[in-house]
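**Student:** attaching a predicted model along with its sequence, questions to come.
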Amino acid sequence: MYLLSILILILVLISIVFLGRKIIIINCCSNASIAVDCWLLFFLIQILIVIFFRIYLPAVPDNEMFSSIIENHNVPVEHLGNSDILGFYYVTLPVSYVFSSDSFLYLIFQKSMVLLSLILFYFGALNLIKNRLNFDFSGVGFSLFLFLISIYPSFFIHYNTIIRESWEFFFFSAALYAVSKGGYIRGIFLFFMMVLVRKNSFVYFGLFVFYLTFLKSNVFYFSERVKGLLFFFFFSFFLCLFLLPPFFDYISALRNNKLSFFTSIGFSPTMLYPAYESGDLNFYFTLKSMMQYIIDPLPITSMRGSIFAYVESFFSFSLITVMFFIVFHLKKLSKFCLVFLLVFYAQANLEYFVSGGMRHRLIPYFAFIAYLSIILSPSLKRTILILKGASNVG
């Protein structure tokens with residue numbers, strides 16, 4: 001039976017490689033061969049990484065819990081009331097049987113599923129963005145996307161362990177691609193499956209309904225004079241929305257309750273997001289939450305952590321800075337990017353545990369990386385052509 005599971009896994013990996021190749025060729029306007037070659041190399045390296053990482057995997061609590069669910073086909077008693085954990089159990093139950101309840105085989109399958117999700121995510125984003133942008137979309141942008149993902153620290157850490165966010169990403173990416181191709185019924189079903197494994201993901205559904213229904217233009221263009229006002233009103237509106245008394249009271253109560261719980265079981269208060277303090281202005285409270293979310297997993301109160309924490313925080317801060325610089329330099333904002341900025345803002349306000357943020361912001365960061373890759377691909381393509389011309393002359 002175990003040998004049969006290995007054979008099935010090999011067939012799955014081969015199928016994903018060819019399916020990914022097909023999606024790339026269908027969606028690339030030019031230079032598809034470059035994208036396919038990069039995808040094959042990226043796929044091989046990532047599969048080898050997950051095998052290596054699993055062998056030398058340190059003790060990761062969530063990984064141990066989810067691995068136990070795969071191997072034993074049951075949910076720990078303390079998590080029976082958690083709908084997300086139950087959703088993961090039901091979704092993975094047939095898969096775990098196919099792979100002989102072996103967490104190692106399952107993890108390789110999960111990683112291949114994540115790699116396919118990257119293709120679905122990128123080209124879903126591309127199809128939603130490209131209609132109003134006069135760019136020649138080539139395989140160069142997708143290759144840049146894969147490169148940036150490969151140096152994203154959280155991608156390396158989280159998707160080489162067994163966590164429910166892998167299924168969240170898969171269902172979201174498949175839904176995004178389906179919606180981008182006009183498959184709204186399939187998209188709704190896949191959104192439902194995503195919420196099944198992580199209920200907080202429902203925020204994406206509401207925002208995409210907003211995206212598809214109310215925003216008529218794919219891109220917002222703004223002049224030098226109004227871009228500052230747009231920035232000001234955009235953030236002021238959502239600051240007010242989330243800091244109306246009911247929202248503010250809920251966030252404060254959530255943080256304070258978690259503070260009491262985690263400190264009672266031995267966690268340092270520095271590992272929790274700043275709770276509301278008497279005399280804090282709502283704006284100041286939210287600003288601290290945003291800054292903590294951006295530099296997560298470094299605690300904003302101490303700025304101390306492991307080397308990985310510093311690298312992850314630097315990547316996060318750099319990504320946000322570069323994205324805003326490019327948006328204001330080009331003087332246009334894609335509504336695709338706007339949706340994920342709203343998600344990012346909501347998540348920052350509702351997060352309470354330091355180091356949880358870097359896992360929960362994965363999908364918004366994938367969106368920002370995809371957006372930057374799509375926007376920068378024409379310039380990168382021209383640079384490559386110039387370099388090729390110079391080498392031919394030489």
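**Tutor:** Ah, there it is.
**Student:** low-confidence regions, the stretch 201-350 of the chain specifically.
**Tutor:** Residues of the stretch 201-350 of the chain meeting the criterion pLDDT under 70: 206-245, 276-283, 331-333.
**Student:** which residues touch stretch 251-261?
**Tutor:** 242, 269, 272-276, 285, 289, 349-350, 352-353 (C-beta atoms under 8 Å, 6 or more residues apart in numbering). Bear in mind the C-beta positions are built from the backbone N, C-alpha and C, glycine included.
**Student:** can you turn the buried part of the residues you listed into a ChimeraX selection?
**Tutor:** Applying 16 or more other C-beta atoms under 10 Å to the contacts of stretch 251-261 leaves a buried subset, and the ChimeraX line that selects it is:
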select :242,272,273,274,275,276,285,289,349,350,352,353
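**Student:** counting only helices, which of the contacts of stretch 251-261 make the cut?
**Tutor:** When DSSP state H is applied, the contacts of stretch 251-261 are split such that 242, 285, 289, 349-350 fall in helices.
**Student:** now the residue positioned nearest the centre of the chain: which helix or strand?
**Tutor:** What sits nearest the mean C-alpha location of the chain, by C-alpha atoms, centre = their mean, is I363, with 1.7 Å. According to DSSP states H and E, I363 maps onto helix 362-393.
**Student:** and L115, by the same measure?
**Tutor:** Under the assignment here (DSSP H and E), L115 is part of helix 103-129.
**Student:** by contact count, what packs against that helix?
**Tutor:** With contacts taken as 3 or more C-beta pairs under 8 Å, 6 or more residues apart in numbering; DSSP states H and E, helix 103-129 sits against helix 2-27, helix 32-55, helix 61-72, helix 83-98, helix 139-150, helix 165-180, helix 335-350, helix 362-393.
**Student:** nearest to M113, of those?
**Tutor:** helix 165-180 (5.2 Å; C-beta to C-beta).
**Student:** and the helix or strand that the closest one is followed by, what does it pack onto?
**Tutor:** Using DSSP H and E, the helix or strand that directly follows helix 165-180 along the chain is helix 184-197. For helix 184-197, the elements it packs on are helix 83-98, helix 165-180, helix 202-213, judged by 3+ C-beta pairs under 8 Å, 6+ apart.
**Student:** buried set for helix 184-197?
**Tutor:** For helix 184-197, by 16+ other C-beta under 10 Å, it's 187, 190-191, 193-197.
**Student:** give me the contacts around that helix.
**Tutor:** Counting by C-beta under 8 Å, 6+ apart, residues outside helix 184-197 touching it are 84, 87-88, 90-91, 164, 167-168, 171-172, 174-176, 178-179, 201-202, 204-205, 208.
**Student:** filter the residues you listed to the buried ones?
**Tutor:** 84, 87-88, 91, 164, 167-168, 171-172, 174-176, 178-179, 201, 204-205, 208.
**Student:** okay, now the residue nearest to S112 when sequence neighbours are not counted: neighbour count?
**Tutor:** Nearest residue to S112 in three dimensions, chain neighbours excluded: I16, at 5.0 Å (C-beta to C-beta, 6 or more residues apart in numbering). Neighbourhood size, I16 [other C-beta atoms under 10 Å]: 17.
**Student:** now do the contacts for M65.
**Tutor:** 76, 79.
**Student:** and the gap between it and I374?
**Tutor:** From M65 across to I374, the span is 37 Å (C-beta to C-beta, to the nearest Å).
**Student:** can you check F368 too?
**Tutor:** 11 Å.
**Student:** how about E71?
**Tutor:** 41 Å.
**Student:** what does the closest residue to G357 other than its chain neighbours show for phi and psi?
**Tutor:** Sequence neighbours aside, D296 is the residue nearest to G357 in space, at 3.5 Å (criterion: C-beta to C-beta, 6+ apart). Dihedral pair for D296: phi -50, psi 130, per degrees, to the nearest 10.
**Student:** distance check, D296 against G124.
**Tutor:** 26 Å.
**Student:** thank you, goodbye.
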